[in-house]
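Enquirer: Pasting the sequence and the predicted coordinates here, then a few questions.
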Amino acid sequence: MKTDTQSHTLVIGHGTDVGHRLESWPYASYGLDVAEKLKQEGMNNEAIRQLIHGEKNITHDTAEVLFEMRYERREKMIQDEYEKISQKKFSDLPEVVQKMLVDFSYNMRGEYGIFPHGERVGFPNACTALLANDWITFANEIADSNYAREVGARRA
């Protein structure tokens, strides 16, 4: 079994985690969804067991399928959270901002990205700027974050 050292989740190859966040996700059953997707890709229970125990990795094609599943799930989570917080339609945001919010959340592995959630503070200044459509402050807040310093300006 492999463990991602930053998130402490089980990883089955190509960065695909099937880890411990099951209960915390509003679109839960992630681990079960991964297993179902792997079965649809032709894997049996033994092959899935081998993945979880680090005896086997997934193929690039399977990683692409799982990426699409994870990305679509993340996109729905961010859309719902934005609409709940702002009382505005996510689709009314500029497309580049929509994609940035989803990518940021996906790459951070913080389910809600910049948005506060539960005890997680998020990025309060960036969130305030986003809600005010203040794109310059929004961009500056993201660019000046610890996250941006860790991953580099291009990724952030």
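Expert: Thanks, I have the structure now.
Enquirer: Buried residues of the helix or strand containing E72, list them for me.
Expert: Element membership for E72, per DSSP states H and E: helix 60-86. Residues 62-63, 65-66, 69-70, 73-75, 77-79, 81-82, 85-86 are the ones in helix 60-86 that count as buried (16 or more other C-beta atoms under 10 Å). Every C-beta, even on glycine, is put in place using the N, C-alpha and C of the backbone.
Enquirer: just for this protein, where's the confidence low?
Expert: Where the chain drops to pLDDT under 70, the residues are 1-32, 52, 109-111, 153-156.
Enquirer: could you pull out the helices for it?
Expert: 30-40, 45-52, 60-86, 95-108, 124-131, 135-143, 146-151 (DSSP state H).
Enquirer: F115 is nearest to which of those helices?
Expert: For F115, the closest of these is helix 60-86, at 5.0 Å, according to C-beta to C-beta.
Enquirer: Which other helices and strands does that closest one contact?
Expert: Contact partners of helix 60-86 among helices and strands, from 3 or more C-beta pairs under 8 Å, 6 or more residues apart in numbering; DSSP states H and E: helix 30-40, helix 95-108, helix 124-131.
Enquirer: Having no further points to raise, I will conclude here.
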